[in-house]
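Q: My questions concern the predicted model and sequence given below.
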Amino acid sequence: MKKSAICRRLFLCRKSQTNEVYHVLIQVAIALAVYLTMQAYIDSVSKNTLFEKVYLSKDSGMLMDTIYGSPGEVTYEYKNDLVGLNRFKFNFKNQRASIDETESKSKLTAEQPYGEDINAPYSGNDISGSDYIIFSKTKTGMSTSKG
């Protein structure tokens with residue numbers, strides 16, 4: 001067999017220029033595969049609402065602590081312009097503020113504990129589909145309602 005026939009076959013040619021071209025092509029293919037994988041991951045994370053649920057659970061749990069710790073009677077209207085509250089279901093029971101999506105198929109719920117005052121008990125309730133939530137503390141207890 002002639003040497004020119006062997007050089008025509010892939011990766012059998014000993015010329016350094018040909019091997020260098022193949023290395024560059026392989027590196028481009030690997031970089032493209034990594035880019036497409038990362039883009040698919042970013043697209044899946046951008047559609048996920050876990051970050052908003054964690055943010056809202058921590059925010060509402062800290063708000064419950066603040067209202068319980070405040071002296072006297074308090075009424076607070078909670079609005080959030082960063083996240084649409086009407087997309088989420090709020091549940092305040094058993095000293096936990098838990099947030100879930102109203103139209104969710106997943107069971108990922110974000111929860112944040114809060115401290116409860118023994119003198120002002122709170123039985124808890126569910127709130128969904130509202131643009132704002134009203135927190136009220138009186139001498140007899142705590143309540144939350146749809147706005």
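A: On my side now, so go ahead.

Q: Quick one: neighbours of K107, just the number.
A: 6 (other Cβ atoms under 10 Å). C-beta here means a position set from N, CA and C on the backbone, and glycine is covered the same way.

Q: Mind pulling up the pLDDT for it?
A: Per-residue pLDDT puts K107 at 71.

Q: gap between it and D100?
A: Going from K107 to D100 by Cβ to Cβ, to the nearest Å gives 8 Å.

Q: same thing with T37?
A: Note on T37: its distance to D100, by Cβ to Cβ, is 30 Å.

Q: which one of those two has more residues nearby?
A: The residue with more neighbours, out of T37 and D100, is D100; 20 against 10, by other Cβ under 10 Å.

Q: Dihedrals phi and psi, that one?
A: Dihedral angles of D100 (phi, psi; degrees, to the nearest 10) stand at phi -140, psi 160.

Q: Go ahead and confirm it touches K89.
A: Yes - if you go by Cβ atoms under 8 Å, D100 and K89 touch, sitting 5.0 Å apart.
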